[in-house]
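**Q** Sequence and predicted model, in that order:
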Number of protein chains: 2
Amino acid sequence: MKKLKRSSRLVEMTHYLLSRPHQLIPLTTFAERYNSAKSSISEDLVIIKEVVEQEGIGELNTVAGAAGGVKYMPKMSEQAAIAFVESICEELRQPDRILPGGYLYMSDILGQPSILNEIGRMFATVFANCEADCIMTVETKGIPLAHATASFLNLPVIIVRSDNKVTEGSAVSINYVSGSNKRIQTMSLSRRALKEESKVLIIDDFMRAGGTIQGMKDLLKEFNASVSGVGVFVESGEVDDLLIEDYVSLAKLSGVDSKTKQVIVGPGSYFQQ
Amino acid sequence: MKKLKRSSRLVEMTHYLLSRPHQLIPLTTFAERYNSAKSSISEDLVIIKEVVEQEGIGELNTVAGAAGGVKYMPKMSEQAAIAFVESICEELRQPDRILPGGYLYMSDILGQPSILNEIGRMFATVFANCEADCIMTVETKGIPLAHATASFLNLPVIIVRSDNKVTEGSAVSINYVSGSNKRIQTMSLSRRALKEESKVLIIDDFMRAGGTIQGMKDLLKEFNASVSGVGVFVESGEVDDLLIEDYVSLAKLSGVDSKTKQVIVGPGSYFQQ
């Protein structure tokens, strides 16, 4: 690349770093890319670091030494996180979201790129150091959340299917009891999807008793894989016998009253750490 | 926000613009945000525009007048697009992707955030001016592609389900014939998901004869909605009687030979426009 002025280089470096989260980038990469001295690159990085951290959008960490470099870790400030979750809760309290059976319609929320971005950033904040090799979710509504998180943590996503598809090759299936309807259901994961002994971050949209997540954990055992974290968008606060203990929820739904059209929802366990 | 030095302001503006694609941002927003004169902001935008366009990552368009502002449109250069698709085709040619029945395993590819980003950017390039109100896909493998595209076009995603879920409320269902297995299947979309008379961009992972996409088109008619574009990741080149004419494919799969372990795949219709 031809030599850029400092102002142009700052713009280009910002784009380069922001689009490569959780990747260690050696200073020589920038020095060669911009045909500049490492000392100039270091000065640029100080400016970018300052802005990123002042804005509360992440951290820029420098690792010294021959194998060193710089790594952008997207984060969300506690203040921004609580403001965002409060706005989501307000949205969820709209009476017309209440469906027959006391369910809450939230597919529209999980279809908005800007909202998914914030959710992904929150999970990327709390699981920044969980050292997962990949993110796992179960179809269907968890998929956008898993991918939003993946884009900030730079991890691949694997999708557990509720049926066995010809396009997935040989698969491992297990039965589990879904908390929502107490029915025995099947979930399956392609043999090719997950390497043995992987560390896996589980992300899902909703957790009642945790049956589906327990199912995913059982499935992971079949691959000798381990769980490095569990994150759910909304957990139900109406359950006494939770199957899962260690998880992070962004919001907690404590009650849906179909008669009075009242939805009781507030911030989740994310804020109790 | 406190007054920033130009260098810091450039970093912050770059982040601000990149994370708000396809949104018209008035110059006053920046002037107020950085407590700076509009003339300085304009100078900054010239620098950012130059870098963005030289790098081939998009356009920065300025709309003059009282209702004016600046809009970042993420794009991919033709050169980068063909290089990317060639690398994907190379990946798809790996013999161990061939599954019984001549299917090709590609879930791992559709799980990589960096690949999804490039695919999303390509669709965002070709559909930049399609004026869609939302993106529609059908579960399961199309979902990550739809969301990747949505994040660059700043559009909400609606997901057509293969079953009728209690968490979706009342839904419209139709029957369709899937080209892959010639079976009659059902797809349904929540009444709440789509406003009447919306313009919809359809995104999916794989198209054989186009039965599934025709199904989505039929479903849209039930909502008095119209199609503003159709994009598929891979199309099959082995079909004579295509149900769909107007679509964009990124790659074209012309043959899978289970015996010789050969996969014939190349760039799709994206490059023939």
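**A** Looks like it came in fine.

**Q** For the rest of this, base every contact and every neighbour count on C-alpha atoms.
**A** OK.

**Q** Mind listing what's buried along stretch A:195-211?
**A** A:198-211 (16 or more other CA atoms under 10 Å in any protein chain shown).

**Q** Redo those as CSV? Include secondary structure, distance to B:Ser107 and pLDDT.
**A** Output for those, formatted as CSV (DSSP: H, G, I helix; E, B strand; the rest coil; distance: CA to CA, whole Å; pLDDT from 0 to 100):
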residue, secondary structure, distance to B:Ser107, pLDDT
A:Ser198, coil, 17, 98
A:Lys199, strand, 19, 98
A:Val200, strand, 17, 98
A:Leu201, strand, 18, 98
A:Ile202, strand, 18, 98
A:Ile203, strand, 18, 98
A:Asp204, strand, 19, 98
A:Asp205, strand, 21, 97
A:Phe206, strand, 24, 96
A:Met207, strand, 25, 95
A:Arg208, coil, 28, 92
A:Ala209, coil, 29, 92
A:Gly210, coil, 26, 94
A:Gly211, helix, 25, 94
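
**Q** ok, of those, which one's closest to B:Leu18?
**A** Nearest to B:Leu18 out of the buried residues of stretch A:195-211 is A:Ile203 (CA to CA; 26.0 Å).

**Q** got the residues of the stretch 151-273 of chain A near chain B?
**A** Counting by CA under 8 Å from any CA of the partner chain, the stretch 151-273 of chain A comes close to chain B at A:Ser151, A:Asn154, A:Leu155, A:Pro156, A:Val157, A:Ile158, A:Val166, A:Thr167, A:Glu168, A:Gly169, A:Ala193.

**Q** how far away is the closest residue to A:Tyr72 other than its chain neighbours from B:Lys217?
**A** Spatial nearest neighbour of A:Tyr72, excluding adjacent residues (CA to CA, 6 or more residues apart in numbering or on different chains): A:Leu60 at 4.6 Å. Distance of A:Leu60 to B:Lys217, computed by CA to CA, to the nearest Å: 46 Å.

**Q** One more: A:Glu196?
**A** In terms of CA to CA, A:Glu196 sits 42 Å off from B:Lys217.

**Q** likewise A:Asp240?
**A** Per CA to CA, A:Asp240 is found 45 Å from B:Lys217.

**Q** do A:Asn224 as well
**A** Taking CA to CA, one finds A:Asn224 at 43 Å from B:Lys217.

**Q** the more surrounded of these two?
**A** The neighbour count for A:Asn224 versus B:Lys217, taken as other CA atoms under 10 Å in any protein chain shown, is higher for B:Lys217 (18 against 14).

**Q** Would you mind listing the residues in contact with that one?
**A** When contacts are counted by CA atoms under 8 Å, 6 or more residues apart in numbering or on different chains, B:Lys217 is found next to B:Ser226, B:Val227.

**Q** so which helix or strand takes in it?
**A** If you go by DSSP states H and E, B:Lys217 is part of helix B:211-221.

**Q** what about the residue lying closest to A:Asn164 once chain neighbours are set aside, neighbour count?
**A** Nearest residue to A:Asn164 in three dimensions, chain neighbours excluded: A:Ser188, at 6.4 Å (CA to CA, 6+ apart). Here the count is done by other CA under 10 Å, and A:Ser188 has 23 residues near it.

**Q** average model confidence for the helix or strand encompassing A:Ser188?
**A** Assigned by DSSP H and E, A:Ser188 belongs to strand A:184-190. For strand A:184-190, mean pLDDT rounds to 95.

**Q** got it, and stretch A:92-104?
**A** On average, stretch A:92-104 scores 94.

**Q** Buried residues, it. List them.
**A** For stretch A:92-104, a neighbour-count test (16+ other CA under 10 Å) marks A:Leu92, A:Arg93, A:Pro95, A:Arg97, A:Ile98, A:Leu99, A:Gly102, A:Tyr103, A:Leu104 as buried.
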